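Participant: Coordinates for the following, if possible.
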Amino acid sequence: MRHLDLPASPREELEPAAPRVFYLGDPVRTPVAKGFARARRAVMRSPVESVDVKAVHDFGELLVAFQRTSIQARNLGRCLTVWENALTDKKRPTVLIGLSGPLIAAGLRTVLRDLIEWGVVDVVVSTGAVLYQDIYQTIGGRHWMGTPSADDVRLRELAIDRIYDTYVDEMKFEDTDRAIGRVTDEFPARPASSREYLAFLGAKFDDPGSILATAARRGVPVFSPALIDSSIGIGLTLHYQSRRKAAARFMLDAVRDNYELVQILTHSPRTAVIYIGGGTPKNWINDGIVMANYAFGREGEGHYYALQITTDVPHWGGLSGSTLDEAQSWGKISKTATRAMAHLDASIGLPLLAGALWNRRKVWKGRPRLRFDWTGDEVEIHPVRA
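Facilitator: Alright, predicted model coming up:
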């Protein structure tokens, strides 16, 4: 039998042997390794504290209590700290929020609308689906409680669409598609960014509970870099079909979107990013840093504050679950950024986070809003006291 010379242990070959440590009370009375006790105290300096639900009175107090717990509760508490730090930074960062996922179906329409109304976000970047379902509710559509075990063939026969455990009215969806197409006929026959087009829709579909209408009224720019990949794109297709032979017609200028984002980032002393989900909004906002650096021959610091709520995970290599640390390798997040990432469902995490911001509004009260002037080729941004 052949004998192989192998190390006594793989650990001995890969790592240096750890020094033996003798504890106080060792029977051979060997002294404790120098600095051992001090090093232990430095590591174990912050005990986990149990949440006392009897002692918390609102979302703000709950999330502050979460900051002394563990797992995703602590991460969500840290998200609150990052957001509040951005809102109280004397350099007045521009706060961009990226939205993806079934947020309206999950019942978060009012939460998102309130974040805009309160002035805790300055720029919205969203999937078209979120904005479409906002319009769907504006014209009278509803989301209905259902079940994920429904008979989907039967639902199809009834013209009912399913989003996991939620139903929507396919007939009302068609009404929404056609309404968007008709309203778009009134838009000037020229190219425009999604920001300009969505501001137009927000003004046309006026509704105090609407995300788009509130953003239009408050002057908050809303972008959707993949707008045609949504039911708004269906409405735009109907518009195109009716106007395709016209000498001039409205055209969605996606590259103009990039240029306008670059302008916002360039004219902001600092930026903060809030990602609800991931997808195109997250990637597009992050890529804006790279675009701005290339366009102006600079090496910007990246987003200075960053937080994300997501159910995705990093080990599949996809963008939605990629860590904010990973984005630092690309220069998209600042090397010194304050950041936090909570892995939980946005339908749970976002209302808690928004509720905490509202309960603790004295922290950021008086923060000036931003006024975006789009009259020239380059945007001008001016802080304005409410």
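Participant: Okay, now the unreliable bits of this protein?
Facilitator: The chain contains residues with pLDDT under 70 at 1-34, 386.
Participant: any idea how this protein splits into domains?
Facilitator: 10-42, 93-346 (automatic domain parsing).
Participant: What about the closest residue to residue 304 other than its chain neighbours, how many residues nearby?
Facilitator: Nearest non-adjacent residue to residue 304, counting by Cβ to Cβ, 6 or more residues apart in numbering: residue 270, 4.4 Å away. Just so you know, the C-beta spots here come from the backbone N, C-alpha and C atoms, and that holds for glycine as well. Residue 270: 16 surrounding residues under other Cβ atoms under 10 Å.
Participant: Tell me how far residue 270 lies from residue 342.
Facilitator: 22 Å (Cβ to Cβ, to the nearest Å).
Participant: Kindly report the same for residue 86.
Facilitator: For residue 86, the distance to residue 342 - Cβ to Cβ - is 16 Å.
Participant: those helices in the stretch 1-150 of the chain, which residues are they?
Facilitator: Here the stretch 1-150 of the chain has its helices, by DSSP state H, counting those that start in this stretch, at 10-14, 36-43, 59-66, 71-88, 109-118, 128-138.
Participant: Output these as CSV; include the columns mean neighbour count.
Facilitator: As requested, the helices of the stretch 1-150 of the chain are exported to CSV (neighbours: other Cβ atoms under 10 Å):
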stretch, mean neighbour count
helix 10-14, 9
helix 36-43, 10
helix 59-66, 20
helix 71-88, 20
helix 109-118, 20
helix 128-138, 24
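Participant: Turn those into a markdown table, columns for distance to residue 213.
Facilitator: Shown next, in a markdown table, are the helices of the stretch 1-150 of the chain (distance: least, Cβ to Cβ, whole Å):
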| stretch | distance to residue 213 |
| --- | --- |
| helix 10-14 | 61 |
| helix 36-43 | 52 |
| helix 59-66 | 26 |
| helix 71-88 | 24 |
| helix 109-118 | 8 |
| helix 128-138 | 7 |
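Participant: What lies in contact with stretch 283-298?
Facilitator: Stretch 283-298 is contacted by residues 96, 98, 125, 223, 225, 258, 261-262, 264-266, 273, 275, 299-300, 302-303, 319, 327, 330-333 when judged by Cβ atoms under 8 Å, 6 or more residues apart in numbering.
Participant: Show me what counts as buried in that stretch.
Facilitator: Under the neighbour-count criterion of 16 or more other Cβ atoms under 10 Å, stretch 283-298 has 283-289, 291-293 buried.
Participant: And for stretch 349-368?
Facilitator: 349-360, 363-364, 367.
Participant: Let's see which of those residues end up in helices.
Facilitator: The members of the buried residues of stretch 349-368 that map onto helices under DSSP state H are 349-359.
Participant: Now do the buried residues in stretch 371-379.
Facilitator: Those would be 372, 374, 379, for stretch 371-379 by 16+ other Cβ under 10 Å.
Participant: what's the helix or strand for the first one?
Facilitator: If you go by DSSP states H and E, residue 372 is part of strand 369-373.
Participant: For the helix or strand just after that strand, which strands pair with it and how are they oriented?
Facilitator: Tracing the chain past strand 369-373, the next element assigned as helix or strand by DSSP H and E is strand 380-384. If you go by DSSP bridges, strand 380-384 pairs up with strand 369-373 (antiparallel).
Participant: Please work out which residues outside the strand it pairs with touch it.
Facilitator: Outside strand 369-373, the residues within contact range by Cβ under 8 Å, 6+ apart are 94, 119, 122, 218-219, 221, 264, 379-386.
Participant: Compute the inter-axis angle for that strand and helix 109-118.
Facilitator: Orientation check (axes from the mean of the first three to the mean of the last three Cα atoms, to 10 degrees): strand 369-373 against helix 109-118 gives 80 degrees.
Participant: Point out the other elements, helices or strands, that the lengthiest strand in the chain touches.
Facilitator: If you go by DSSP state E, the chain has its longest strand at strand 333-343. Packing contacts for strand 333-343, counted by 3 or more Cβ pairs under 8 Å, 6 or more residues apart in numbering; DSSP states H and E, involve helix 71-88, strand 303-310, helix 324-329.
Participant: of the buried residues of stretch 371-379, closest to residue 70?
Facilitator: residue 372 (40.9 Å; Cβ to Cβ).
Participant: Tell me the bridge partners for the closest one.
Facilitator: residue 381.
Participant: Convert the C-alpha atoms of stretch 282-293 to CSV, please.
Facilitator: Output of stretch 282-293 as CSV, limited to C-alpha atoms (Å, rounded to 0.1, in the frame of the first residue of the first chain):
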residue,chain,number,x,y,z
LYS,A,282,-31.5,50.4,-8.5
ASN,A,283,-29.2,49.7,-11.4
TRP,A,284,-30.1,52.9,-13.2
ILE,A,285,-29.6,55.2,-10.2
ASN,A,286,-26.3,53.5,-9.5
ASP,A,287,-25.1,53.7,-13.1
GLY,A,288,-25.9,57.4,-13.0
ILE,A,289,-22.7,57.9,-11.0
VAL,A,290,-20.6,56.2,-13.7
MET,A,291,-22.4,58.3,-16.4
ALA,A,292,-21.7,61.5,-14.5
ASN,A,293,-18.1,60.6,-14.1
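Participant: Cheers, nothing more for now.
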